[in-house]
Structure formats: C-alpha cells, structure tokens
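# Sequence unavailable; structure follows:
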C-alpha cells in the first residue's frame, strides 16, 4: 500500500499543453504568445484627455499650435485601433468633448497668476479651439472612418434594438 509520502515523491508525468482556444468565425486569429492591447472606451477617452492636456501645454511652450492638433489626430488614430470593438460607439462620439476637457485644464493652468482669470481663460480657450478646429474635424473623421470596419454599425444596430425592445439580431453567416 502506497503512503502519501510515496505518492508525493513519485516523479510526475509531464502535462500535455492545453489545446489552443477555438475561434469563432469572423474573429481574427491571434499569434501565439502575443496579446493585443485592448482599451475600454473610458480608457481611450482618458488617453485623449491626457494627450490633449499635455500637447496643449507643449504647444504653448514651443509656440506651435500644430503640435496640439497633430497630437489629437494621432491619439484618435491609436485610440480607435486599441479600443474594444464593443466600445466603438462610445468612443466615436467622445473625442471633441475629451479634447475640450484637456484643453480647458491646460488653459486654466496657463492662465493662473495672470490679471483677470475669467477673461484670460475665455480668450485663451477661444483662440486654442479656433486654431485646432480643422484638426478636431480631421481627427474625429479619421476615428469614424477607422471605426466603421471594426464594427461601429453593429454597435449602432444593437443600441437601436435595445432602445426599441427588440432581441439582438444574429450576425449573418457568410455563404462560403
């Protein structure tokens, strides 16, 4: 009869590696050992706010408003590629407001210690938004164009179904 010590000291057989996870059709297969970075909509929006804040401060320091706009377009590009597909709808409506929040904080910091805080903030914010308007439109349009093939329309349909009290539609299967 084997004792616990005998069983514990016995060499163990090597374990078989786990079977790779099965992929549903339509999902891209991942390379083994490489996990893609996925953000929630909140995380992506927070990144847009943070980059807008930092780039507004840098643009003021180097006196180049294009730095702020180029950073916004870049962060929109990265955000739409890294956000989870289920959060595309939330992300697609948020960039202008996220930019405004970041720039508002930056202008508050830049206006502190000046003469009239309210007047300085209003003038600085107005000038910054006017300089960045083409960049805002471009970055938001780029985000929408990139979000469409990633599943934005599916999110819109699901929201409509949820608001109308309908069941979720099943995804169409390819006849091939």
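All right, it came through fine. None of the values given here were measured: they were computed from a predicted structure.

# contacting residues for residue 70?
residue 135 (Cβ atoms under 8 Å, 6 or more residues apart in numbering). Every residue, glycine included, has its C-beta placed from N, CA and C.

# What of residue 91?
Contacts for residue 91 (Cβ under 8 Å, 6+ apart) come out as 41, 44, 45, 79, 80, 83, 143, 147.

# And for residue 51?
Here residue 51 is in contact with 71, 72, 74, 75, 102 (Cβ under 8 Å, 6+ apart).

# which residue is nearest the centroid of the chain?
Centroid check for the chain by Cα atoms, centre = their mean gives residue 44 as the closest residue, at 2.9 Å.

# From residue 50, how far out is that one?
From residue 44 across to residue 50, the span is 11 Å (Cβ to Cβ, to the nearest Å).

# Could you identify which of the contacts of residue 51 has the most neighbours?
residue 72 (27 neighbours; other Cβ atoms under 10 Å).

# Give the buried residues for the helix ranked longest in the chain.
Using DSSP state H to define each element, the chain has its longest helix at helix 117-150. Buried residues in helix 117-150, defined by neighbour count with 16 or more other Cβ atoms under 10 Å: 120-121, 124-125, 128-129, 132, 135-136, 139-140, 142-144, 146-147.

# Residue 66: neighbour count?
12.

# try residue 37
8.

# what helix or strand is it on?
For residue 37, there is no host helix or strand (DSSP states H and E).

# my read: it touches residue 83, true?
No. Counting by Cβ atoms under 8 Å, residue 37 stays clear of residue 83, with 9.9 Å between them.

# host element of residue 90?
helix 88-92.

# could you give the mean pLDDT of that helix?
Here helix 88-92 scores 91 as its mean pLDDT.

# That helix: how far from the chain's middle?
Averaging C-alpha coordinates over helix 88-92 and over its chain gives two centres that are 8 Å apart (Cα atoms, centre = their mean, to the nearest Å).

# who does the following helix or strand past it touch, helix- and strand-wise?
The helix or strand immediately downstream of helix 88-92 is helix 95-111, counting by DSSP H and E. In this structure, helix 95-111 packs against helix 41-62, helix 65-82, helix 117-150, with contacts taken as 3 or more Cβ pairs under 8 Å, 6 or more residues apart in numbering; DSSP states H and E.

# Redo those helices as a markdown table? Include mean pLDDT and distance to residue 97.
Shown next, in a markdown table, are those (pLDDT from 0 to 100; distance: least, Cβ to Cβ, whole Å):
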| stretch | mean pLDDT | distance to residue 97 |
| --- | --- | --- |
| helix 41-62 | 94 | 8 |
| helix 65-82 | 93 | 12 |
| helix 117-150 | 92 | 11 |
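
# Which of those sits closest to residue 98?
Nearest to residue 98, of all those, is helix 41-62, at 4.0 Å by Cβ to Cβ.
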